[in-house]
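Peer 1: Build the 3D model from these lines:
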Amino acid sequence: MGDKAGINRSLNNVRTELEYLRDSGVLAPPQFQSIMAQLPQSGGVPSQYTDPRYAQGSNNIDPSAIAQASQDPNHPAHPKHPNHGQWAKNLGSRLGNAVVFGAGATAGGDLVNSVFH
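Peer 2: Numbers count the residues shown, from 1 in each chain. All right, here's what the predicted structure looks like:
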């Protein structure tokens, strides 16, 4: 763990900047409270905040459910199901779109960074 005094100074600076943004009307009070809840406490004590998107059980993809569905002959994930090809094609398409988006975002980020450096 880093220098506790340095960490506290940094956290105090962040809090001061956030309070300024709140007082300026840039941050709404609920936004301010949400951000402050995510910051570690003084002394380097980690925050107990958990982003609801990553909280236990709120994951959009449940690998065990997919594995279980692939064992059910009535589910399109099962290789012998008549619509399995369509299901696999849709899954591949979604993953392919994610790869293309990620590659485009990376290339765009590299381009922007090269302009500024």
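Peer 1: What distance do you get for Gln68 to Asn74?
Peer 2: 12 Å (CB to CB, to the nearest Å). Heads up, the C-betas are built off the backbone N, CA and C, glycines and all.
Peer 1: can you pull out the helices in this structure?
Peer 2: 4-24, 29-38, 63-71, 84-116 (DSSP state H).
Peer 1: Let me see the mean pLDDT of the second one.
Peer 2: Pointing back at helix 29-38 there. Averaged across helix 29-38, the pLDDT comes to 86.
Peer 1: which other helices and strands contact it?
Peer 2: Counting by 3 or more CB pairs under 8 Å, 6 or more residues apart in numbering; DSSP states H and E, the packing neighbours recorded for helix 29-38 are helix 4-24.
Peer 1: related to what we said a few turns ago, in JSON lines: the helices of the chain, plus distance to Thr50 and mean neighbour count.
Peer 2: Written out in JSON lines, the entries for the helices of the chain read as follows (distance: least, CB to CB, whole Å; neighbours: other CB atoms under 10 Å):
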{"stretch": "helix 4-24", "distance to Thr50": "19", "mean neighbour count": "12"}
{"stretch": "helix 29-38", "distance to Thr50": "9", "mean neighbour count": "12"}
{"stretch": "helix 63-71", "distance to Thr50": "20", "mean neighbour count": "11"}
{"stretch": "helix 84-116", "distance to Thr50": "25", "mean neighbour count": "10"}
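Peer 1: For the ones you listed, could you give me a markdown table that also reports distance to His78?
Peer 2: Putting the helices of the chain into a markdown table (distance: least, CB to CB, whole Å) gives the following:
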| stretch | distance to His78 |
| --- | --- |
| helix 4-24 | 51 |
| helix 29-38 | 42 |
| helix 63-71 | 6 |
| helix 84-116 | 6 |
